[in-house]
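Q: Have a look; sequence and predicted model below, questions after that.
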Amino acid sequence: MDESGGSGQPRSGNEEPTERHRGRTAPATDPARPDPADEQATEARHLDPTTPPDSAATDDQDSRSADAAPGGDAQPGTPPSSGERPPASPAHHPSHTAQDHADRPLAHTDAGKGPQPPRPRDPRGGLLMGRPFGVPVYVAPSWFLVAALITWVFGGQLDRVLPELGAARYLVSLFFAVAFYASVLVHELAHTVAALRFKLPVRRIQLQFFGGVSEIEKEAETPGREFVLAFVGPLLSLVLAGLFYLALQPVEPGTVPGVLLAGLMISNLIVAAFNLLPGLPLDGGRMLRAVIWKITGKPMSGTIAAAWVGRALAVSVLIGLPLLTQSGALGRDAVDNVGMDTVMDALLAAILAAIIWTGAGNSLRMARLREHLPELRARNLTRRAVPVETDTPLSEALRRANEAGARALVVVDADGQPLSLVREAAIVGVPEHRRPWVAVSGLAQDLTDGMRVFAELSGEDLLDALRATPATEYLVVEDTGEIYGVLSAADVERAFVKAMARPS
């Protein structure tokens with residue numbers, strides 16, 4: 001199944017008329033420009049766009065393309081995305097809202113106690129196997145568990161078909177498990193090649209418990225590309241099934257090669273058929289979403305419809321799979337009593353249903369996130385700031401800031417070039433009676449290239465810039481290099497949570 005994510009949205013232009021700030025007084029000393037914190041009234045949580053605030057922190061697998069193993073589907077959520085973890089949840093104090101901060105002068109904020117900036121994600125996802133097409137392929141630790149399970153189950157079947165193998169049947173079964181997941185990798189590579197062809201970045205491929213995951217970082221720009229991106233995976237699985245069928249023709253039945261080829265053919269057919277079911281987070285759900293998107297012109301409408309079909313599929317799997325296996329409709333003998341096989345079928349059905357249901361819900365949340373991401377604009381969230389020279393006493397700097405209605409301090413040199421940013425947390429730590437004797441340079445964090453953010457950044461581009469260089473404050477500059485103000489990571493997080501709280 002394919003769950004390519006990311007914002008996929010064009011960066012919104014600035015809609016707020018602003019005044020160019022020049023020279024040392026450029027930093028938002030203009031009292032006409034509203035402070036972004038004045039409009040924030042929600043507690044901060046995660047800044048990571050792959051972790052919606054109304055859901056549990058996951059590995060971001062809604063930004064992935066996942067494909068199911070026989071009888072199962074890849075983990076669609078509670079990934080990321082995925083030995084990879086989302087940024088740690090920042091601490092926040094329910095007793096202090098953003099409005100509390102907005103009403104306080106700079107000298108009395110409790111910035112050091114608020115949300116912390118996002119941390120870069122761990123790019124690893126298990127054992128690195130290679131980099132086809134420049135995309136790293138990882139084998140998650142959970143794969144070894146499912147490989148052992150396949151070896152045991154398939155070994156039991158071989159014991160009935162080829163009893164003369166003895167204990168060697170488990171070596172044959174292990175080969176089958178590896179060959180099957182190689183087929184899953186081909187399925188994932190089909191998604192990856194299509195994504196790269198459409199110039200969509202792919203973070204990695206991961207083989208895990210219930211199949212594979214292709215982490216596509218952006219959404220397809222058109223419904224046609226979305227359909228192709230989802231369809232190529234099942235198509236490759238069908239092609240592989242056909243190739244195994246052709247290879248099976250000259251092979252004598254009842255032999256090891258014959259059993260292996262037949263097993264791989266059937267497994268790839270199951271992968272293709274299961275992933276073509278028309279509900280998110282499966283590939284068929286992505287295809288259904290693309291069709292509805294094309295008809296209505298609204299990607300969100302397609303997501304909602306495909307997600308609810310996915311939830312219906314989850315309920316059908318939960319109820320229908322045990323009934324089908326117990327009735328013998330899937331090729332096994334019908335049973336009248338409840339035995340171990342029935343319990344295992346029910347457990348498998350529950351796991352699959354939970355995965356599909358969770359994946360459908362995550363798809364809805366990710367769609368809402370993509371819809372609201374363009375609302376995050378660096379220009380709109382920037383705090384007014386005043387420039388101060390390195391030897392300026394903290395008390396004098398705070399007096400200037402409070403007079404100007406500013407909530408940030410930028411340390412500049414004699415020519416007005418920014419050198420560092422005074423950290424709010426450091427200000428809070430200095431007792432008031434010592435502030436006349438403490439220079440602002442001793443409380444400032446030196447500016448790095450990553451701490452300079454362009455005022456026109458918005459949406460996922462803005463979040464990517466902040467994640468690349470974790471900090472509490474960032475210097476916001478115009479395209480010409482002029483200082484515009486200071487952006488607080490806490491303000492961005494509050495704005496993100498507030499945007500996510502609004503209905504689509």
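A: Received, thanks.
Q: C-alpha from now on. contacts and neighbour counts both.
A: Fine.
Q: Output the contacting helices and strands for the longest helix along the chain.
A: Longest helix in the chain by number of residues, with DSSP state H as the criterion: helix 340-372. Judged by 3 or more C-alpha pairs under 8 Å, 6 or more residues apart in numbering; DSSP states H and E, helix 340-372 is in contact with helix 299-327, helix 489-501.
Q: cutoff 10 Å now
A: Using 3 or more C-alpha pairs under 10 Å, 6 or more residues apart in numbering; DSSP states H and E, the elements in contact with helix 340-372 are helix 299-327, helix 459-468, helix 489-501.
Q: Please report phi then psi for Gln445.
A: When read as degrees, to the nearest 10, the backbone of Gln445 gives phi -110, psi 130.
Q: Tell me which helix or strand comes right after the longest helix of the chain.
A: Using DSSP states H and E, the helix or strand that directly follows helix 340-372 along the chain is helix 378-381.
Q: Please identify the pairing partners of the next helix or strand after that next one and their relative orientation?
A: Using DSSP H and E, the helix or strand that directly follows helix 378-381 along the chain is strand 386-389. Partners of strand 386-389 in the sheet, by DSSP bridges, are strand 409-412 (parallel).
Q: So for the helix or strand just after the strand it pairs with, mean pLDDT?
A: Once the chain leaves strand 409-412, the next helix or strand it forms, by DSSP H and E, is strand 418-422. Per-region confidence: strand 418-422 scores 93 on mean pLDDT.
Q: So which bits of strand 418-422 are buried?
A: Burial within strand 418-422, assessed by neighbour count using 16 or more other C-alpha atoms under 10 Å, is assigned to Pro418, Leu419, Ser420, Leu421, Val422.
Q: how close does Ile205 sit to Asn268?
A: Noted for Ile205: a distance of 19 Å to Asn268, by C-alpha to C-alpha, to the nearest Å.
Q: Same drill for the two, tell me which one is more crowded.
A: Ile205 (31 against 26; other C-alpha atoms under 10 Å).
Q: Where does the more buried one sit, in terms of helix or strand?
A: Here Ile205 is assigned to strand 202-208, by DSSP H and E.
Q: so what strands line up beside that strand?
A: So strand 202-208, judged by DSSP bridges, has these partners: strand 137-139 (parallel), strand 211-216 (antiparallel).
Q: Looking at the ones you listed, which one is packed in the most?
A: strand 211-216 (a mean of 32; mean count of other C-alpha atoms under 10 Å).
Q: Which SSE is immediately downstream of that strand?
A: helix 223-248.
Q: angle of the helix or strand just after that following helix against helix 223-248?
A: For helix 223-248, the following helix or strand on the C-terminal side (DSSP H and E) is helix 256-275. For helix 256-275 against helix 223-248, the angle by axes from the mean of the first three to the mean of the last three C-alpha atoms, to 10 degrees is 160 degrees.
Q: could you dump helix 256-275 to CSV, C-alpha only?
A: Provided in CSV are the C-alpha atoms of helix 256-275 (Å, rounded to 0.1, in the frame of the first residue of the first chain):
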residue,chain,number,x,y,z
VAL,A,256,11.9,-28.2,-3.8
PRO,A,257,12.2,-25.7,-6.8
GLY,A,258,8.5,-26.4,-7.7
VAL,A,259,7.3,-25.8,-4.2
LEU,A,260,9.3,-22.6,-3.8
LEU,A,261,8.2,-21.2,-7.2
ALA,A,262,4.6,-22.0,-6.5
GLY,A,263,4.8,-20.4,-3.0
LEU,A,264,6.4,-17.2,-4.4
MET,A,265,3.8,-17.0,-7.2
ILE,A,266,0.9,-17.3,-4.8
SER,A,267,2.4,-14.9,-2.3
ASN,A,268,2.9,-12.2,-4.9
LEU,A,269,-0.7,-12.7,-6.1
ILE,A,270,-1.9,-12.2,-2.5
VAL,A,271,0.2,-9.1,-2.1
ALA,A,272,-1.2,-7.6,-5.3
ALA,A,273,-4.8,-8.5,-4.5
PHE,A,274,-4.7,-7.3,-0.9
ASN,A,275,-3.0,-4.0,-1.8
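Q: helices or strands up against it?
A: Against helix 256-275 (3+ C-alpha pairs under 10 Å, 6+ apart) you get strand 65-68, helix 141-161, helix 169-197, helix 223-248, helix 283-296.
Q: re earlier: buried deepest among the helices and strands packed on helix 340-372, which one?
A: Highest mean neighbour count among these (mean count of other C-alpha under 10 Å): helix 489-501, a mean of 23.
Q: Which strands and helices lie in contact with that helix?
A: Counting contacts by 3+ C-alpha pairs under 10 Å, 6+ apart, helix 489-501 is packed against helix 98-102, helix 340-372, helix 378-381, helix 459-468, strand 473-477.
Q: Can you name every helix or strand that the fourth one contacts?
A: This means helix 459-468. By 3+ C-alpha pairs under 10 Å, 6+ apart, helix 459-468 packs against helix 340-372, helix 378-381, strand 452-454, helix 489-501.
Q: just curious, which of the buried residues of strand 418-422 is nearest to Pro223?
A: Here the nearest of the buried residues of strand 418-422 to Pro223, counting by C-alpha to C-alpha, is Leu421; it sits at 44.8 Å.
Q: can I assume the closest one is in contact with Arg407?
A: No - between Leu421 and Arg407 there is no contact, the gap being 11.8 Å when judged by C-alpha atoms under 10 Å.
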